[in-house]
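S.K.: structure for the following, please:
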Amino acid sequence: MSSALSNGKRNGLDRVSNSDGIIAALAIDQRSALRNLLAKAKAISAEAIESRMLEEFKEAASRILTPHASAILLDPEYGLSAARQRARNSGLLLAYERTGYDKAIPGRLPRLLDDWSVRRLADAGADCTKVLLYYSPFSAEAINNVKHVWVERVGAECASREMPFFLELVVYHDEMDEKGPEFARIKPQTVIGSLQEFSKPQYCVDIFKVGLPVNMAYVSEQKSAESAYTRQEAKQHLRNAAEAAGKPFIYLSEGVSNKTFDEALQLAGEAGVRFSGVLCGRATWKDGVEIYAKNGLDTLEAWLKGEGVENIRRVNKRLSAARSWRAFYGDAVKSSPAC
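M.R.: Numbers count the residues shown, from 1 in each chain. As a prediction, this is how the structure comes out:
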């Protein structure tokens with residue numbers, strides 16, 4: 001399957017990719033999640049964490065790690081100073097969604113930042129726009145209809161500006177622990193159903209950012225009561241999800257350790273799936289949060305130059321199995337910015 005891209009979208013994707021058309025990007029658009037990690041490390045409330053701490057952490061990560069990344073994903077709330085400190089070889093993705101969701105309203109409904117638009121993100125230097133969507137194909141039709149319309153609007157706005165649109169899909173199921181064995185068993189179907197839905201042309205998605213369709217904690221060589229799938233079954237789930245994706249896709253680390261993400265990418269390579277890279281976040285820098293919170297910026301910078309760089313290099317080595325998004329889109333160019 002292939003389709004054309006406008007020149008503007010193609011140029012934006014080129015700026016966040018390496019010379020081989022692989023996206024080897026660092027994600028640090030976390031806001032409430034980063035604030036909570038800092039608060040836990042300092043044993044204080046999240047409200048007591050000053051915004052400057054988030055900015056300073058992002059700046060250090062950007063300055064030290066982007067020489068090893070094709071791009072960095074940041075947020076316009078606390079990440080613009082970090083964007084200015086990224087390496088020249090590194091492109092910029094900016095998040096457009098508000099962090100988290102209103103727990104008083106059913107459905108984990110998405111919201112955009114009130115004082116930003118795709119045009120303003122472009123003016124701030126964005127090469128691509130990303131939104132995060134919590135999604136389950138098994139949710140009530142009324143809930144999912146709201147999400148479908150929301151993605152259509154973002155996609156149309158990106159298309160009008162010829163801005164590449166990255167859709168981050170975070171799958172879940174109501175009343176299930178996303179880290180537990182029950183959800184692990186239905187995760188493949190949940191990821192596949194989500195990819196099938198948003199591959200439809202009305203959403204104007206250019207690149208999916210998605211977790212593996214299996215939970216590595218429940219992969220084993222042999223089936224057991226504690227596992228959800230054997231290694232061979234897990235590989236087939238990865239292939240099935242790749243087949244369901246009607247657009248190029250990259251993997252996110254879903255908050256796991258660097259070691260676990262490395263193992264996940266190894267599994268994807270063994271399965272021969274056509275992923276186009278990564279947007280790797282906490283698997284690269286999470287262990288530096290406590291160091292920064294307790295010991296300050298200098299100690300964080302030393303950690304990033306050592307373990308942080310090694311983490312990102314370890315991920316990059318696994319990208320030898322990735323395939324360029326250009327192979328999907330081919331050389332054809334759309335004459336109209338419409339998706």
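S.K.: alpha carbons only for contacts and neighbour counts from here, please
M.R.: Fine.
S.K.: could you report the neighbour count for residue 142?
M.R.: Residues lying near residue 142 (other CA atoms under 10 Å) number 10.
S.K.: then residue 325?
M.R.: 25.
S.K.: now the helices for the stretch 151-300 of the chain?
M.R.: Taking DSSP state H, counting those that start in this stretch as the criterion, the stretch 151-300 of the chain contains helices spanning 181-198, 231-244, 258-271, 282-285, 287-295, 297-303.
S.K.: what is the shortest one packed up against?
M.R.: Using 3 or more CA pairs under 8 Å, 6 or more residues apart in numbering; DSSP states H and E as the contact test, the elements touching helix 282-285 are helix 258-271, helix 309-318.
S.K.: which of the helices of the stretch 151-300 of the chain sits closest to residue 74?
M.R.: helix 282-285 (13.0 Å; CA to CA).
S.K.: for that closest one, buried residues please.
M.R.: 282, 283, 284, 285 (16 or more other CA atoms under 10 Å).
S.K.: over to stretch 275-294?
M.R.: 275-293.
S.K.: need the residues that contact the helix or strand bottoming out on mean pLDDT in the chain.
M.R.: Sorting the helices and strands of the chain by mean pLDDT, DSSP states H and E puts strand 333-334 at the bottom, at a mean of 77. Strand 333-334 is contacted from outside by 4, 5, 6, 7, using CA atoms under 8 Å, 6 or more residues apart in numbering.
S.K.: same thing but 10 Å
M.R.: The contact list for strand 333-334 (CA atoms under 10 Å, 6 or more residues apart in numbering) reads 3, 4, 5, 6, 7, 8, 9, 10.
S.K.: tell me which two of these sit farthest apart.
M.R.: 3 and 8 (14.9 Å).
S.K.: just for the stretch 201-339 of the chain, where's the confidence low?
M.R.: 335-337 (pLDDT under 70).
S.K.: 80 instead, please
M.R.: 225, 331-339 (pLDDT under 80).
S.K.: and what of the stretch 51-200 of the chain?
M.R.: Ranges of the stretch 51-200 of the chain meeting pLDDT under 80: none found.
S.K.: quick one: the strands in it, in order.
M.R.: 71-74, 91-95, 128-135, 165-171 (DSSP state E, counting those that start in this stretch).
S.K.: save these as a markdown table, and put in distance to residue 216 and mean neighbour count too.
M.R.: Supplementary listing: these in a markdown table, determined by distance: least, CA to CA, whole Å; neighbours: other CA atoms under 10 Å:
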| stretch | distance to residue 216 | mean neighbour count |
| --- | --- | --- |
| strand 71-74 | 24 | 28 |
| strand 91-95 | 27 | 28 |
| strand 128-135 | 20 | 23 |
| strand 165-171 | 15 | 23 |
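S.K.: a markdown table for these, including distance to residue 150?
M.R.: Formatted as a markdown table, the strands of the stretch 51-200 of the chain follow (distance: least, CA to CA, whole Å):
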| stretch | distance to residue 150 |
| --- | --- |
| strand 71-74 | 21 |
| strand 91-95 | 15 |
| strand 128-135 | 10 |
| strand 165-171 | 12 |
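S.K.: wait, which of the ones you listed is closest to residue 27?
M.R.: Among those, strand 71-74 sits nearest to residue 27 (CA to CA), with 4.6 Å.
S.K.: how far does that closest one sit from its chain's centre?
M.R.: Using CA atoms, centre = their mean, to the nearest Å, the distance from the centre of strand 71-74 to the centre of the chain it belongs to is 10 Å.
S.K.: partners of it, with directions?
M.R.: Strand 71-74 pairs in its sheet with strand 23-27 (parallel), strand 91-95 (parallel), by DSSP bridges.
S.K.: which one of those lies nearest to residue 241?
M.R.: Using CA to CA, those put strand 23-27 closest to residue 241, at 19.0 Å.
S.K.: after the closest one, next one along is what?
M.R.: helix 32-42 (DSSP states H and E).
S.K.: how about CSV for the buried residues of helix 282-285, with distance to residue 37 added?
M.R.: Converted to CSV, the buried residues of helix 282-285 look like this (distance: CA to CA, whole Å):
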residue, distance to residue 37
282, 11
283, 14
284, 14
285, 12
